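J.: Coordinates for the following, if possible.
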Amino acid sequence: MLWNKKKHFCELNPVCYAISEQKEICKRHIKNFLSNEKFTRTINKEKMDNVITSRSSNLIKKGKGIDPVLQENKAVNIQLACNKINGTIIRPGEVFSFWNTVGKTTKKKGYKAGRVITGDKIEAGLGGGLCNLGNTIHWLVLHSPLDVVEFHNHSDALAPDEGKRVPFSSGTSICYNSLDYRFKNNTNQDIQLLVWCEDGKLHGELRSMKEFPWAYKLVEEDHRFEKEGDKYYRNSKIYREISDKATGNVLEKQLVLDNHSEVMYDYSLIPKEQIRL
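T.: Here you go, the predicted model:
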């Protein structure tokens, strides 16, 4: 006998989904209120002396199946969020929270409908595209002595790679405010996060007053695309190597993601030589 799978309350209809979403938001507010964590609230636009790491990426993606309007709206949303984050100082012992810093994305604040992932579909949603900003911040943090304390991933195969494959060019999921991105400063000095948009690119930097003795590198191994049923997935293992700057010796190699991402673009654009049968 076949039994119908019982639906969750949030799956019954849009009203039920909205109720469930508000419930999760309230739960997070209560959790934050009761938390002993000290969230960062200091902004200083004057740049610290030492650049720990930096990264730049294109704001607008172009190609087959990519909606240009959603891309333009994404750029607007990222600029608004950058205005809230740029210059954030994370003092020793403090936690950076994406949503505590940016706040809720609303039309009144100027946010537009950008690209969001709902289930296994790419749709338009208010404030969409901020995952790109989350990705950039996550990449910076992985190249620093900061500690990730909350991370959620979605597919990092939303669109074909632009040039050389860059791990964590996408794949960081954030959704107000139940899915947050957070990191903690467990070092002995202040660290500054800078993010801004300029010349069609999203730029990010982590800075400090003094140099740290370690260097960081992301290494991806066994990267390939594989078909499972009717769908293709990107699979790989992504590691972070920590080295001594003075000697170049690798001190530690950490697995940061066992990647299994559904390909969410036209399968004909997958490089044939990267498909494993």
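J.: Let me see the ranges of the strands in the stretch 151-277 of the chain.
T.: 182-184, 191-198, 201-208, 214-228, 231-244, 250-262 (DSSP state E, counting those that start in this stretch).
J.: do you know which of those strands lies nearest Ile275?
T.: Evaluated with CB to CB, the strands of the stretch 151-277 of the chain place strand 214-228 nearest to Ile275, the distance being 4.8 Å. Where you see a C-beta, it was placed from the backbone N, CA and C, and this is true even at glycine.
J.: what does the closest one contact?
T.: 53, 139, 142-145, 165, 167-168, 232-245, 251, 253, 256, 263, 270-271, 274-277 (CB atoms under 8 Å, 6 or more residues apart in numbering).
J.: Just the buried residues of the residues you listed.
T.: 53, 139, 142-145, 167-168, 232-236, 238-240, 243, 256, 263, 270 (16 or more other CB atoms under 10 Å).
J.: excluding its backbone neighbours, what's nearest Leu80?
T.: Gly110 (5.6 Å; CB to CB, 6 or more residues apart in numbering).
J.: What of Asp49?
T.: Asp49 sits nearest to Met209 (CB to CB, 6+ apart), 5.8 Å away.
J.: Same check on His154?
T.: Ser173 (4.1 Å).
J.: what's the spacing between the one you found and Glu241?
T.: Look at Ser173 and Glu241: by CB to CB, to the nearest Å, they are 25 Å apart.
J.: In the protein, where is pLDDT below threshold?
T.: Per-residue confidence for the chain (pLDDT under 70) gives these ranges: 1-25, 29, 33, 118-120, 169-170.
J.: now do 80
T.: Along the chain, segments meeting pLDDT under 80 span 1-36, 62-66, 117-122, 162, 168-171, 177.
J.: Quick one: the helices in it, in order.
T.: 14-34, 68-85, 98-102, 130-142 (DSSP state H).
J.: Tell me which of those is the most buried.
T.: Most buried of these, by mean neighbour count (mean count of other CB atoms under 10 Å): helix 130-142, with a mean of 24.
J.: I'd like the distance from that helix to the chain centre, please.
T.: 4 Å (CA atoms, centre = their mean, to the nearest Å).
J.: now that helix and strand 231-244, what's the angle there?
T.: 30 degrees (axes from the mean of the first three to the mean of the last three CA atoms, to 10 degrees).
J.: quick one, what contacts Arg91?
T.: 40, 42, 185, 190.
J.: Could you pull up phi and psi at it?
T.: Main-chain dihedrals, Arg91, degrees, to the nearest 10: phi -80, psi 160.
J.: Distance of it relative to Gly63?
T.: Distance, Arg91 to Gly63, using CB to CB: 42 Å.
J.: ok, back up a step: any chance of CSV for the strands of the stretch 151-277 of the chain, columns distance to Leu133?
T.: Shown next, in CSV, are these (distance: least, CB to CB, whole Å):
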stretch, distance to Leu133
strand 182-184, 14
strand 191-198, 7
strand 201-208, 7
strand 214-228, 18
strand 231-244, 20
strand 250-262, 19
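J.: among the ones you listed, which is nearest Ala75?
T.: Nearest of these (CB to CB): strand 191-198, 7.0 Å.
J.: Partner strands of that closest one and their direction?
T.: Paired neighbours of strand 191-198 in the sheet (DSSP bridges): strand 88-90 (antiparallel), strand 201-208 (antiparallel).
J.: Tabulate these (CSV), appending distance to Glu123 and mean neighbour count.
T.: Shown next, in CSV, are these (distance: least, CB to CB, whole Å; neighbours: other CB atoms under 10 Å):
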stretch, distance to Glu123, mean neighbour count
strand 88-90, 30, 20
strand 201-208, 22, 20
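J.: Export those as JSON lines, with columns for distance to Leu218.
T.: As requested, the strands paired with strand 191-198 are exported to JSON lines (distance: least, CB to CB, whole Å):
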{"stretch": "strand 88-90", "distance to Leu218": "21"}
{"stretch": "strand 201-208", "distance to Leu218": "15"}
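J.: out of the ones you listed, nearest to Asn73?
T.: Of those, nearest to Asn73 by CB to CB is strand 201-208, at 14.5 Å.
J.: any idea how far the closest one is from the chain center?
T.: 14 Å.
J.: angle of it against helix 68-85?
T.: Using the same axes, to 10 degrees, strand 201-208 lies at 20 degrees relative to helix 68-85.
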